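J.: Predicted model, plus sequence, below.
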Amino acid sequence: MSEYVDKASGIVDFIKGLNTKIEKEEYIYNIVREIQEKEDIELLLTLSEMLIIDDDYSSTKYAADLRMRLLYQLIDNTANKIDSTEDEEEKDDLYYNLYNYMWYFKWIIPEIPNSLAVSKEMIDSANDMMYFYYTNLNISLAMYYKSMMLQNIIMGQIEKAKENYKLWQESDSDAMNDCEACEVTEQVNYACFVGEYEEALFLAEPILAGKLSCAEVPHITYAPVLKSLVALGEYEKAKKLFPEAVEHVERDLDLVYAMIPDFIEVAVKLNDIEYAKQLAEKYKEEIFDTTEHMPQLRYFIATSPFDEESYECALELATLIDERNENNYYKEYLAKYTRKEPRKKITFK
């Protein structure tokens, strides 16, 4: 086993030495494919564990579809070992590991649609896998429904988000649940998404007052709060909160690509185009340093009002993502935000 740990550690050290996140993600895709072709299962499992689970190595939040591939290897291999062993002590250890892997579903599944490389069928398959294991391990489906709701938000599926939010709230809690701060912040996120802006601000009060916090809270709470304030015409309150929001997010580069496009939008809606441009220029490199497409789309949408090239890129990418998601959410969002009529495809015969 130490042989595989040494090999995997060497690979991780090499990855850490690469300059950009894109380089790291592309290298991981390639090395995983190479290891699979060699059928070196133990090395693949050791590397997967290091990259998404081991705190000493997993310092970078890689693309969700990449993390899902690694998680699948760990879960599938462990499940097969459980089926094949008759040693009860070994089986108990394997079940312990399998249960531990279940935590990672709720941190990966919501973000899988971020990449256009992931088809609708692949998304559904990953969702089914989470449901299967949660059901068979007698884990409450609360976090499954919450994950579905968050995924619905990314995919612009409003009615499905409402259904899964209701199922989440009606499900029993268990040890797999997130902390109260994380639970409340996603309630805020949902309320903003479905247009319940006053409810979003009400739910956010204990977070903004510092009564609830976590590693990523209040950081990820600011965007839906600011968007809700702007939607309600509370511009002065939004302006007052804005610097605090940016300061918090700037402390964690893993959050920059997710939050800054929303902040650019808020600046535009507050008619502070100069600040929107500053944010766009300052964080463009970080936002585009990923193999995922959703952060890029959100950046293009956010910068469309003052950059025609961004608008064209946003329209093209929104069309592709909407087609995958089987709706028109992002094209309509772009049209409403830029006050431009949504374009239809033109076919030349």
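T.: Done, it's in.

J.: hey, let's count contacts and neighbours off CA atoms from now on
T.: Noted.

J.: remind me which residues of the stretch 201-349 of the chain are low pLDDT?
T.: Where the stretch 201-349 of the chain drops to pLDDT under 70, the residues are 342-349.

J.: hmm, try it at 90
T.: 215-216, 250-258, 340-349 (pLDDT under 90).

J.: Repeat that for the stretch 51-200 of the chain.
T.: Ranges of the stretch 51-200 of the chain meeting pLDDT under 90: 53-61.

J.: Now the most centrally placed residue in the chain. Nearest residue, chain neighbours left out?
T.: Nearest to the mean C-alpha position of the chain, by CA atoms, centre = their mean, lies residue 111 at 3.3 Å. Closest residue to residue 111 apart from its sequence neighbours, by CA to CA, 6 or more residues apart in numbering: residue 64 at 5.7 Å.

J.: shouldn't that neighbour be in contact with residue 108?
T.: Yes. Using CA atoms under 8 Å, residue 64 is in contact with residue 108, at 5.4 Å.

J.: Can you pull the residues that touch both of the two?
T.: Among the neighbours of residue 64, none is also in contact with residue 108 (CA atoms under 8 Å, 6 or more residues apart in numbering).

J.: distance of the residue nearest to residue 111 from residue 193?
T.: Distance from residue 64 to residue 193, counting by CA to CA, to the nearest Å: 21 Å.

J.: so who does the residue nearest to the centre of the chain touch?
T.: Per CA under 8 Å, 6+ apart, neighbours of residue 111: 64-65, 150-151, 154.

J.: Tell me the buried residues within those.
T.: 64-65, 150-151, 154 (16 or more other CA atoms under 10 Å).

J.: Format those as JSON lines; extra columns: distance to residue 23.
T.: Shown next, in JSON lines, are these (distance: CA to CA, whole Å):
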{"residue": "64", "distance to residue 23": "16"}
{"residue": "65", "distance to residue 23": "16"}
{"residue": "150", "distance to residue 23": "28"}
{"residue": "151", "distance to residue 23": "26"}
{"residue": "154", "distance to residue 23": "25"}
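
J.: of all the residues you listed, which two lie farthest apart?
T.: Farthest apart among those by CA to CA are 65 and 150. That separation is 15.4 Å.

J.: is it true that residue 322 touches residue 330?
T.: Yes. Counting by CA under 8 Å, residue 322 does reach residue 330; the two are 6.5 Å apart.

J.: Counting neighbours, go ahead and name the busier of the two.
T.: residue 330 (24 against 17; other CA atoms under 10 Å).

J.: list the contacts for that one?
T.: 156, 318-319, 321-322.

J.: Can you add distance to residue 46 and give these back as CSV?
T.: Formatted as CSV, those follow (distance: CA to CA, whole Å):
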residue, distance to residue 46
156, 36
318, 38
319, 39
321, 34
322, 37
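
J.: now, which of these sits nearest residue 26?
T.: residue 321 (21.4 Å).

J.: Name the SS class of the closest one, please.
T.: helix (DSSP: H, G, I helix; E, B strand; the rest coil).

J.: Now it. Nearest residue, chain neighbours left out?
T.: Using CA to CA, 6+ apart, the closest residue to residue 321 is residue 116 (6.7 Å).

J.: so what's the backbone phi/psi at the one you found?
T.: Residue 116 adopts backbone torsions of phi -70, psi -10, taken as degrees, to the nearest 10.

J.: Identify the residues contacting stretch 196-204?
T.: 184-185, 187-192, 221, 224-225, 228-229, 231-232.

J.: switch the cut-off to 10 Å
T.: 181, 184-194, 208, 212, 218, 221-222, 224-232 (CA atoms under 10 Å, 6 or more residues apart in numbering).

J.: Quick one, which of those are buried?
T.: Applying 16+ other CA under 10 Å to these flags 181, 184-194, 208, 212, 218, 221-222, 224-231 as buried.

J.: so what's the residue nearest to residue 111 up against?
T.: By CA under 10 Å, 6+ apart, the neighbours of residue 64 are 70, 107-115, 118, 291-292.

J.: Okay, helices next: where are they in the stretch 51-200 of the chain?
T.: 64-84, 88-108, 120-136, 142-155, 158-170, 180-193, 197-208 (DSSP state H, counting those that start in this stretch).

J.: Report how many residues lie close to the closest residue in space to residue 153 that isn't next to it in sequence.
T.: Counting by CA to CA, 6+ apart, residue 153 lies nearest to residue 161, which is 6.4 Å off, once chain neighbours are set aside. Number of residues near residue 161 (other CA under 10 Å) recorded here: 25.

J.: Equivalent analysis for residue 141, please.
T.: Neighbour tally, residue 141, other CA under 10 Å: 22.

J.: swap in residue 262?
T.: 20.

J.: now residue 125
T.: The tally of other residues near residue 125 (other CA under 10 Å) stands at 12.

J.: just residue 241 next, same as before
T.: 16.

J.: go on, the one 3 residues further on?
T.: By other CA under 10 Å, the residues close to residue 244 number 12.

J.: Which of the helices or strands spans it?
T.: Element membership for residue 244, per DSSP states H and E: helix 235-250.
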